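# Whatever this is, show me its structure:
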Amino acid sequence: MMELIRLFRAQQWQVTFSCTAVESEFMADLDALSVQRRMIAVNDDTFDRFLTEMNPDIVVFDRFPIEEQFGWRVERQCPHALRVLETIDLHCLRQARHQLLKRQAQVATKVDSPDLHNEVALREIAAMLRSDLSIMVSDYEIELLKRQFSVDDSLLHLCPFMFADHQIQRENPAFEQRQHFVTIGNFRHAPNWDAVLWLKQEIWPRIRNVLPEAELHIYGAYTPAKAMALHKPEAGFFIQGRAEDVHQVMLSARLCLAPLRFGAGIKTKLADAMLSGTPNVTTSIGAEGMSADLPWSGLIADSADDFSEQATALYQDKVQWQRCQQHGYNIIQTLFNETKNGEALIRRMLQLREKLAEHRQNNFTGSMLRHHHHRSTEFMSRWIEAKNRLV
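The predicted structure is shown next:
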């Protein structure tokens with residue numbers, strides 16, 4: 001979302017960030033970007049008045065639950081505003097892979113239609129069809145949406161990470177100056193917690209047998225007690241908590257490990273590693289949608305044995321390490337280019353705004369879903385509003 005906000009401000013657009021969550025000490029500095037902030041509440045008609053006052057040209061929903069909650073109000077108060085859904089990743093795919101992992105206890109790559117057509121999919125795909133445009137970060141997921149759910153290409157736009165060239169840390173510690181392994185990820189995100197457990201139980205013991213002096217430093221926000229219980233310095237297994245500076249953490253490590261057995265979207269931790277010139281070892285889930293036809297910025301393995309072997313080999317191979325580092329730079333410059341991806345998204349949004357009525361006429365399924373969902377959601381919301389007034 002922050003990349004989108006910076007992109008919109010670069011167009012000299014006025015941006016207002018509206019959120020139901022309370023502010024925290026780690027929130028982004030929106031004031032520095034001259035972005036207005038507005039606290040909003042669910043099931044509250046003050047949001048209607050806020051919309052009428054703002055009269056926005058474009059409304060971006062941050063993930064499908066926000067569209068479910070506020071979409072009907074946006075359509076009613078601002079019928080001519082372009083409605084854009086920022087998906088982050090395909091939640092129904094992540095859910096399907098999680099269930100598959102529980103059954104087979106191995107990297108969950110290929111999922112069948114019955115697993116994909118879950119309750120999350122019913123909500124998520126409906127939100128996409130109700131929206132004028134859904135921003136996707138993974139080409140794999142775009143193809144899956146078209147193949148499995150018959151979502152029309154006119155409703156989808158691929159816009160992965162947007163990095164400026166100056167963000168690439170080319171002046172960084174050399175192979176010999178780096179040491180140890182690092183992994184990073186919010187502990188509240190289920191794929192990250194599963195990866196930590198897999199590292200602890202199966203992968204890290206194998207790596208330590210080959211590299212007895214190596215250390216694994218695990219960073220992540222919202223570190224729970226169950227994660228701190230895994231902290232074991234004598235085994236080289238360090239739970240470090242929240243990283244103050246992700247890039248400094250990456251720059252000091254020789255390898256980034258991302259043993260993700262399920263998940264969706266593209267992985268910020270791997271993009272951060274590429275920006276920092278830190279090669280990685282990950283699974284096919286981790287690398288999915290992140291390199292197109294370009295060589296990967298590390299090695300890929302889907303079993304504990306293969307993963308540990310790849311990690312120990314790359315950790316000790318300077319020539320291959322340098323080659324993987326350059327592959328990462330190439331991926332950033334080619335696929336995650338700020339100018340190319342940003343210009344394409346702005347162009348697509350402006351084109352849709354110019355022909356919005358025609359675009360919506362061509363999406364009759366979305367119109368039906370908006371009619372039925374928004375009416376039922378509206379009545380439920382208004383009932384809650386009335387109930388709250390009596391309390």
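# who does the helix or strand encompassing Val59 pair up with?
Using DSSP states H and E, Val59 falls within strand 58-62. Applying DSSP bridges, strand 58-62 is found paired with strand 82-86 (parallel).
# Residues contacting the partner strand, please?
When contacts are defined by C-beta atoms under 8 Å, 6 or more residues apart in numbering, strand 82-86 is touched by residues 1, 4, 57-64, 67, 71, 74-75, 127-128, 130-135, 349, 352-353, 356. (C-beta placed from N, C-alpha, C; glycine too.)
# Filter those residues down to the buried ones.
Buried by 16 or more other C-beta atoms under 10 Å: 4, 58-64, 67, 71, 74-75, 127-128, 130-135, 349, 352, 356, out of the contacts of strand 82-86.
# Among these, which lie within strands?
58-62, 133-135 (DSSP state E).
# any chance you could map the helices in the stretch 151-300 of the chain?
190-198, 204-210, 225-228, 246-252, 268-275, 284-287 (DSSP state H, counting those that start in this stretch).
# tilt between the longest one and helix 268-275?
Right, helix 190-198. If you take axes from the mean of the first three to the mean of the last three C-alpha atoms, to 10 degrees, helix 190-198 sits at 80 degrees to helix 268-275.
# I'd like to know which elements helix 190-198 is packed against.
helix 91-104 (3 or more C-beta pairs under 8 Å, 6 or more residues apart in numbering; DSSP states H and E).
# Go through the helix it packs on and flag the buried ones.
So for helix 91-104, counting by 16+ other C-beta under 10 Å, buried means 91-98, 100-101.
# do stretch 170-179 as well
172-173, 175, 178.
# residue ranges with poor pLDDT in this structure?
374-383, 387, 390-391 (pLDDT under 70).
# so who does the residue sitting nearest the centre point of it touch?
In the chain, the residue lying closest to the centroid (C-alpha atoms, centre = their mean) is Ile88, at 4.2 Å. Shown in contact with Ile88 (C-beta under 8 Å, 6+ apart): 62-63, 137, 265.
# what does Gln201 give?
By C-beta under 8 Å, 6+ apart, Gln201 has no neighbours at all.
# quick one: contacts for the nearest residue to Met1 once chain neighbours are set aside?
In space, and not counting its chain neighbours, Met1 is closest to Asp62: 5.7 Å by C-beta to C-beta, 6 or more residues apart in numbering. Going by C-beta under 8 Å, 6+ apart, Asp62 touches 1, 86, 88.
# For the second one, grab the count of nearby residues.
Burial of Glu86, expressed as a neighbour count using other C-beta atoms under 10 Å, amounts to 21.
# again with the one 3 residues further on
Using other C-beta under 10 Å as the criterion, Asp89 is surrounded by 18 other residues.
# Now Cys324: closest residue in space that isn't a chain neighbour?
Pro279 (3.7 Å).
# Surely that neighbour and Ala313 touch.
No: Pro279 is beyond contact range of Ala313, at 11.5 Å (criterion: C-beta atoms under 8 Å).
# what is in contact with the two at once?
By C-beta under 8 Å, 6+ apart, the residues touching both Pro279 and Ala313 are Leu299.
# the more surrounded of those two?
Pro279 (27 against 14).
# Would you mind listing the residues in contact with the more buried one?
255-256, 273, 297-299, 314, 321, 324-325, 328.
# Next: Ala164.
Per C-beta under 8 Å, 6+ apart, neighbours of Ala164: 338-339.
# any idea how far the nearest residue to His80 once chain neighbours are set aside lies from Asp132?
Excluding the flanking residues, the one nearest His80 by C-beta to C-beta, 6+ apart is Leu356, at 6.9 Å. Distance, Leu356 to Asp132, by C-beta to C-beta, to the nearest Å: 7 Å.
# ok, back up a step: from the ones in strands among the buried ones among the contacts of strand 82-86, which is closest to Asn118?
Ser134 (18.3 Å; C-beta to C-beta).
# The closest one is in contact with Ser154, isn't it?
No: taking contacts as C-beta under 8 Å, Ser134 lies outside contact range of Ser154: 10.7 Å.
# quick one, helices of the stretch 1-150 of the chain?
2-10, 46-54, 64-77, 91-104, 113-116, 119-130, 139-149.
# Leu211: which of those is closest?
helix 91-104 (27.7 Å).
# That closest one packs against which elements?
helix 113-116, helix 119-130, helix 190-198.
# by contact count, what packs against the shortest one?
Read that as helix 113-116. Using 3+ C-beta pairs under 8 Å, 6+ apart, helix 113-116 sits against helix 91-104, helix 139-149.
# With distance to Met162 as added columns, please give those in JSON lines.
Shown next, in JSON lines, are the helices and strands packed on helix 113-116 (distance: least, C-beta to C-beta, whole Å):
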{"stretch": "helix 91-104", "distance to Met162": "22"}
{"stretch": "helix 139-149", "distance to Met162": "15"}
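# quick one: which of those helices is nearest Asn362?
helix 139-149 (15.6 Å).
# Can you give me the buried ones in stretch 7-15?
Here stretch 7-15 shows 7-8, 15 as buried, counting by 16+ other C-beta under 10 Å.
# Let me know the closest of the residues you listed to Ser308.
Leu7 (40.1 Å).
# Excluding covalently adjacent residues, which one is nearest to the closest one?
Gly342 (4.7 Å).
# isn't that neighbour right up against Ala10?
Yes: taking contacts as C-beta under 8 Å, Gly342 lies within contact range of Ala10: 7.3 Å.
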